[in-house]
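Undergrad: structural data only, the sequence is not supplied:
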């Protein structure tokens, strides 16, 4: 079973308000990301909550996603990846780690990463656009214990540095893999055009 693990625990300090709850088209940022995950080839969706967990969860109650809480969300993104990996059942084969602030990412990018995992035989799959790596990143669960032991201060890159021969870069024609939304300017630039 391949899970989409949506990281939705951050404090949104640079945005000045909880960015996941900002309007995005007909919905909110986090609802758009979860809808992308649900519309992809991922079998299930796990949302990692932290800051503003109650409000974020309320927006997603009818999404069909599973939830887990990252009590250590202030320690950064890897702590949310770890909380998500810890919450996955024993039937989890791999996890596609999706950022909660990439509402503009289409499901076909997630599908390309999953397809590359299925065909490449590699344990880490990363989308690449114009020579630059982005998100979402897929990690085989053979690395679960290693990920759980990583230092949150140094992030998931530690895993990639430790296993360069098990990485498959999949070329995608979508520069949105390189973007996220940290500031009000980023948000305004990301809003769907009417």
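TA: Looks like it arrived, so ask away. All of these numbers come straight from a predicted model, not from anything done at the bench.

Undergrad: give me the contacts around stretch 29-41.
TA: 2, 4, 6, 8, 19-22, 24-25, 27, 45, 47, 56, 59-60, 63-65, 96, 98-107, 110-111, 114-115, 181 (Cβ atoms under 8 Å, 6 or more residues apart in numbering). Glycine gets a C-beta too; all of them are placed from N, C-alpha and C.

Undergrad: what comes up buried for it?
TA: 29-38, 40-41 (16 or more other Cβ atoms under 10 Å).

Undergrad: if we can go back for a sec, show only the entries of the contacts of stretch 29-41 found in helices.
TA: 56, 59-60, 107, 110-111, 114-115 (DSSP state H).

Undergrad: quick one: the strands in the protein?
TA: Secondary structure of the chain (DSSP state E): strands at 2-8, 23-24, 27-28, 44-49, 66-69, 94-99, 124-129, 132-133, 137-140, 167-171.

Undergrad: could you list the low-pLDDT ranges of this structure?
TA: 193-194 (pLDDT under 70).

Undergrad: pretty sure residue 106 sits against residue 173.
TA: No. Here residue 106 does not reach residue 173: they are 10.8 Å apart, not a contact under Cβ atoms under 8 Å.

Undergrad: in terms of neighbours, single out the busier of the two.
TA: Legend: neighbour count by other Cβ atoms under 10 Å for residue 106 and residue 173, higher for residue 106 (14 against 9).

Undergrad: for the more buried one, what are its contacts?
TA: So residue 106 contacts 36, 174, 176 (Cβ under 8 Å, 6+ apart).

Undergrad: hmm, 7 Å instead?
TA: Neighbouring residues of residue 106 by Cβ atoms under 7 Å, 6 or more residues apart in numbering: 36, 174.

Undergrad: and it, how far is that from residue 142?
TA: 28 Å (Cβ to Cβ, to the nearest Å).

Undergrad: quick revisit: most tightly surrounded among the strands of the chain?
TA: The highest average neighbour count among the strands of the chain, using mean count of other Cβ atoms under 10 Å, belongs to strand 2-8 at a mean of 28.

Undergrad: which strands and helices lie in contact with it?
TA: In terms of contacts (3 or more Cβ pairs under 7 Å, 6 or more residues apart in numbering; DSSP states H and E), strand 2-8 is packed against helix 29-38, strand 44-49, helix 77-87, strand 94-99.

Undergrad: could the ones you listed go into JSON lines alongside distance to residue 14?
TA: Shown next, in JSON lines, are the helices and strands packed on strand 2-8 (distance: least, Cβ to Cβ, whole Å):
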{"stretch": "helix 29-38", "distance to residue 14": "14"}
{"stretch": "strand 44-49", "distance to residue 14": "19"}
{"stretch": "helix 77-87", "distance to residue 14": "14"}
{"stretch": "strand 94-99", "distance to residue 14": "14"}
